[in-house]
Structures are given as C-alpha cells and as structure tokens.
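Novice: Any chance you can model this:
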Amino acid sequence: MYTKYHLKSAEDINTDILDAIKAAFKSKPIIITVEEDKSEYEITDEMKAVLDDRLQEDESTYLSAEESIKQLNKKYGL
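Specialist: Residues are numbered from 1 along each chain as shown. Model (predicted):
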C-alpha cells in the first residue's frame with residue numbers, strides 16, 4: 001500500500017500529515033521519499049531551439065493545430 005501527498009510547498013507539511021500517515025500504516029514499517037514536483041512543464045534549451053527554428057519557417061506552409069493533431073492521430077494513433 002502507498003499514499004501520495006501533493007503539497008504546494010514544503011511549508012504545508014504539518015502534524016496532521018504525520019498523524020494521517022501513522023493512522024494509515026500503524027506499526028508497519030514504512031519508507032518516506034520526498035521529491036520535488038516537476039509537473040510544471042520546463043522547456044529545455046533543445047526544445048527552445050526547435051521552437052525558434054519553427055518560428056523561422058514560411059507561414060504559407062503552416063499546419064493548423066487541428067490538422068497537426070489529425071495527422072499525429074493518423075500516424076501514431078494518439
């Protein structure tokens with residue numbers, strides 16, 4: 001069994017969370033792992049370079065977002 005707690009900040013850690021963990025797991029051995037939430041999307045330098053290249057493309061060859069998604073669905077079954 002495992003439980004995840006998603007907090008907006010480490011400042012949100014309080015005794016209520018510890019009490020909830022104690023109640024859920026009682027005297028069972030547990031492992032607590034703390035990691036930074038990376039769910040906010042970060043654009044790498046490589047991604048930025050690709051986007052910059054796309055901005056330099058001829059606008060007459062652009063595909064709409066809808067057409068791009070349609071082609072991706074057809075090709076990859078997304």
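Novice: mind checking the SS state of the residue of the chain positioned farthest from its centre?
Specialist: With distances taken from the mean C-alpha point of the chain and given as Cα atoms, centre = their mean, the most distant residue is S60, at 33.6 Å. Secondary structure, DSSP: H, G, I helix; E, B strand; the rest coil: S60 is helix.
Novice: Pull out the buried residues from stretch 42-58.
Specialist: Applying a neighbour-count criterion of 16 or more other Cβ atoms under 10 Å, one finds nothing buried in stretch 42-58. Glycine gets a C-beta too; all of them are placed from N, C-alpha and C.
Novice: Tell me which helix or strand D16 sits in.
Specialist: In this structure, D16 sits in helix 15-25 according to DSSP states H and E.
Novice: Low-confidence bits of this protein, can you list those?
Specialist: 40 (pLDDT under 70).
Novice: could you pull out the helices for it?
Specialist: Taking DSSP state H as the criterion, the chain contains helices spanning 15-25, 45-55, 65-76.
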